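S.K.: next comes the sequence, and after it the predicted model I'd like to discuss.
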Amino acid sequence: MKNYLQNIFRNASEKLVYLKDAELLFDKPKSESHGDLSCNVAMMLAKKLKRKPGEIAEEIIANLEFDEAVINKIEIAGPGFINFFFTSLFIAKVIENILTQKEKYGRTDKYKGKRANVEFVSANPTGPLTVGHGRNAVIGDTVANMLESIGYEVDREYYFNNAGRQMRLLGDSVRLRYLELLGEKIDFPEDYYQGEYIKEIASELVKEFGNSLKNEEPEGKFKEKAEQVIFEDIKNSLKLLGIEFDTFYNENTLFEEGKIEALLKVFKEKNLSYKKDGAVWLKFTELGGEQDKVIVKATGEPTYRLPDIAYHKTKFDRKYDLMVDVFGSDHAATYPDVLAGLKALGYDTEKIKVLIYQFVTILENGEVVKMSTRKANYVTLDELVDEVGSDVVRYFFNMRNLTSHMNFDLTLAKKQSDENPVFYLQYAHARICSIIRTVSEENIKASTDHLDLLVKEEEQQLLKKLNQYEEEIQYAAEYFEPHRICNYLEELAAAFHKFYTFCRILGSEKNLAEARLALAEATKVVIKNGLSILGVTAPGRM
RNA sequence: GCGCCAGUAGCUCAACGGGAUAGAGCAACGGCCUUCUAAGCCGUAGGUUAGAGGUUCGAGUCCUCUCUGGCGUACCA
């Protein structure tokens, strides 16, 4: 519909010069009585042209050449809106398109040939994934799906660090539990990893090595085993949500391949770093930052900034056109430094899109659960998926704007999972499948020969929703907003349920029944396509 | 103190680079199954969009200030 209007406006701009560089926006009005699409260009131009909006609108309409089989009516309303009403047949034609393209419907090749890297989860292997990581995982994977649907070739990447203080603590935590299992008296420090899984790892080591590790270093077998077991566990948790990564990037390779050293050298050559108090500082003040910051500590160890910059540099070197980072709001303060560093190296940081999502507040029995991996104070992602299933988890984390601080009431989620809107969508899909099964026995086949019969209110409402799908998907993908897909699908399902209630197939005249069945099948395709981007299944029965 | 994100119906949240009468779901109340799945549909009720100013034809949306909450503000990641 929008494309059609774009075209006729373009033709009109041959005669009306002021339309040439005017911004053309077609909005779907909230109220039905304002038409299918509405344009505010006359009001936008009023000031510039020093004329009344109504007058301009009239002139525009007079110069629009349109097909009466497509547009029913054009009118001026309110302060100067131009409202367009489309014919019911034109609106119904979308069915042909959907049924021809099937699972490809809604996908575009707009970004064909472009490569994207989506980095997400990136939790260090110090413990199981928690519900908090769930939001990150689901957002990242869904964004990746969305980008694929608009033509990107996407790599899903997990960045991790198996060195550093936290991992040392982890190794030593396992060591102490190991000694404990061998009957030694130990003093287990408060700031060590308290989780039960530490004991399990220790007990596996006892089984495997007996007491031969008594004098082993914390960072030897203990850390190694812990990392291996925990990573297994993390990958498994992600798999339960249908998430698989193409690449696990170990921070350590940056050191092994000399990328850290090389980067330090470049900063020095560019005179962007200096030594002070035994540490190396980067001149962030010269790069638009608030203050200079340490990139190598006096101990010789780099701070996270240096490897982060080096890591993102590899993404540029790996020739990605788009790099997406999914971070929780606790990391919000770090990425400007990374971007500034990259910019100083001459990279186009516009290609990096950092998605910051706000924290999930977990409530259990009405109380806030504070998550800490170290203190073993958490609800694991596995437990959650076990309780409510992958579909609910994925839908729940997708359904809200990234910027919203979500509340997740576990008690409610477990108890009232039936009331999750995901079931509303899945139910619509299952219903359609059921119709198709039943109706095929009556020898009714979907046909697009008489789409002109689909003129009832509920049919038209549903058709209009279907017409919006392509645009919604593209918009959601380009603006990295998964929740828009949820909103759209809920509206679509609502339109379908109404159609279902008021427009029967069985018992209708043959041509009408066939057209309605085609509409139902088209709806099924779109619901399924939408859910598949969200990573949610579309069951045939419920 | 400073920075980022937020504050919308009893609860959880929408509202597309400012648009017409701020919408859903849940919860509450009242209806609808002898025909394709009642995990559904129809109806009622629920609001000074935290508050105060400002910008303009027009503000939940943009600007300023205040209040409340989350997250930061490291030679931790």
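M.R.: All right, it came through fine. Residues are numbered from 1 along each chain as shown, chains lettered A, B, ... in the order given.
S.K.: any weak-confidence spans in the stretch 301-450 of chain A?
M.R.: A:415-419 (pLDDT under 70).
S.K.: next to RNA strand B, which bits of it? Give me the list.
M.R.: Where the stretch 301-450 of chain A comes near RNA strand B, counting by Cβ under 7 Å from any atom of the strand, the residues are A:301, A:303-304, A:329-334, A:356, A:358-359, A:361, A:399-401, A:403-407, A:416, A:418-419, A:421, A:423-424, A:427, A:430-431, A:433-435, A:438-439. Just so you know, the C-beta spots here come from the backbone N, C-alpha and C atoms, and that holds for glycine as well.
S.K.: how about the helices in the stretch 301-450 of chain A?
M.R.: For the stretch 301-450 of chain A, applying DSSP state H, counting those that start in this stretch gives helices covering A:305-317, A:335-344, A:381-388, A:390-398, A:410-415, A:421-441.
S.K.: separation between A:Lys259 and RNA strand B?
M.R.: Separation of A:Lys259 from RNA strand B (Cβ to the nearest atom of the strand, to the nearest Å): 15 Å.
S.K.: can you check A:Glu148 too?
M.R.: Per Cβ to the nearest atom of the strand, A:Glu148 is found 22 Å from RNA strand B.
S.K.: now that residue: which helix or strand?
M.R.: Assigned by DSSP states H and E, A:Glu148 falls within helix A:131-149.
S.K.: packing partners for the helix or strand following that helix?
M.R.: Scanning forward in sequence from helix A:131-149 by DSSP H and E, the next helix or strand is strand A:153-160. Helices and strands touching strand A:153-160, by 3 or more Cβ pairs under 8 Å, 6 or more residues apart in numbering; DSSP states H and E, are strand A:115-119, helix A:131-149, strand A:247-250.
S.K.: could those go into JSON lines alongside mean neighbour count and distance to A:Lys465?
M.R.: As requested, those are exported to JSON lines (neighbours: other Cβ atoms under 10 Å; distance: least, Cβ to Cβ, whole Å):
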{"stretch": "strand A:115-119", "mean neighbour count": "24", "distance to A:Lys465": "29"}
{"stretch": "helix A:131-149", "mean neighbour count": "24", "distance to A:Lys465": "18"}
{"stretch": "strand A:247-250", "mean neighbour count": "14", "distance to A:Lys465": "38"}
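S.K.: ok, of the residues of the stretch 301-450 of chain A next to RNA strand B, which come out buried?
M.R.: Listed as buried from these are A:303-304, A:358, A:399-400, A:406, A:421, A:423, A:430-431, A:433, A:435, A:439; burial here means 16 or more other Cβ atoms under 10 Å.
S.K.: how far away is A:Gly127 from A:Ser404?
M.R.: 27 Å (Cβ to Cβ, to the nearest Å).
S.K.: isn't A:Leu517 right next to A:Arg437, touching?
M.R.: No. Taking contacts as Cβ atoms under 8 Å, A:Leu517 lies outside contact range of A:Arg437: 11.8 Å.
S.K.: tell me which of these two has more neighbours.
M.R.: A:Leu517 (22 against 11; other Cβ atoms under 10 Å).
S.K.: do you know how far the more buried one is from RNA strand B?
M.R.: 8 Å.
S.K.: show the contacting residues for that residue.
M.R.: Residues near A:Leu517 by Cβ atoms under 8 Å, 6 or more residues apart in numbering: A:Ile435, A:Ile436, A:Val439, A:Ile444, A:Lys445, A:Ala446, A:Ser447, A:Ile505.
S.K.: burial measure for A:Ser31, as a count.
M.R.: 7.
S.K.: separation between it and A:Ala77?
M.R.: Taking Cβ to Cβ, one finds A:Ser31 at 10 Å from A:Ala77.
S.K.: repeat that for A:Val143.
M.R.: Here A:Val143 is placed at a distance of 38 Å from A:Ala77 (Cβ to Cβ).
S.K.: which residues touch stretch A:354-363?
M.R.: By Cβ under 8 Å, 6+ apart, stretch A:354-363 touches A:131-132, A:134-136, A:139, A:143, A:324-332, A:335, A:339, A:368-369, A:371, A:379, A:402-412, A:480.
S.K.: how long is it end to end?
M.R.: Separation of the first and last residues of stretch A:354-363 by Cα to Cα, to the nearest Å is 28 Å.
S.K.: same deal with stretch A:211-227?
M.R.: Chord length of stretch A:211-227, first to last residue, is 20 Å (Cα to Cα).
S.K.: for stretch A:243-262, same thing?
M.R.: 34 Å.
S.K.: re the thing from before, got JSON lines for the helices and strands packed on strand A:153-160, with mean pLDDT too?
M.R.: Shown next, in JSON lines, are those (pLDDT from 0 to 100):
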{"stretch": "strand A:115-119", "mean pLDDT": "97"}
{"stretch": "helix A:131-149", "mean pLDDT": "94"}
{"stretch": "strand A:247-250", "mean pLDDT": "96"}
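S.K.: nearest to A:Ile91, of these?
M.R.: Nearest to A:Ile91 among these is helix A:131-149; the distance by Cβ to Cβ comes to 23.6 Å.
S.K.: what kind of secondary structure is A:Gly289 in?
M.R.: Put simply, A:Gly289 is coil when judged by DSSP: H, G, I helix; E, B strand; the rest coil.
S.K.: what sits against whatever residue of the stretch 151-300 of chain A ends up closest to RNA strand B?
M.R.: The minimum distance from the stretch 151-300 of chain A to RNA strand B, using Cβ to the nearest atom of the strand, falls at A:Asp277 (3.0 Å). By Cβ under 8 Å, 6+ apart, the contact set of A:Asp277 is A:Ala298.
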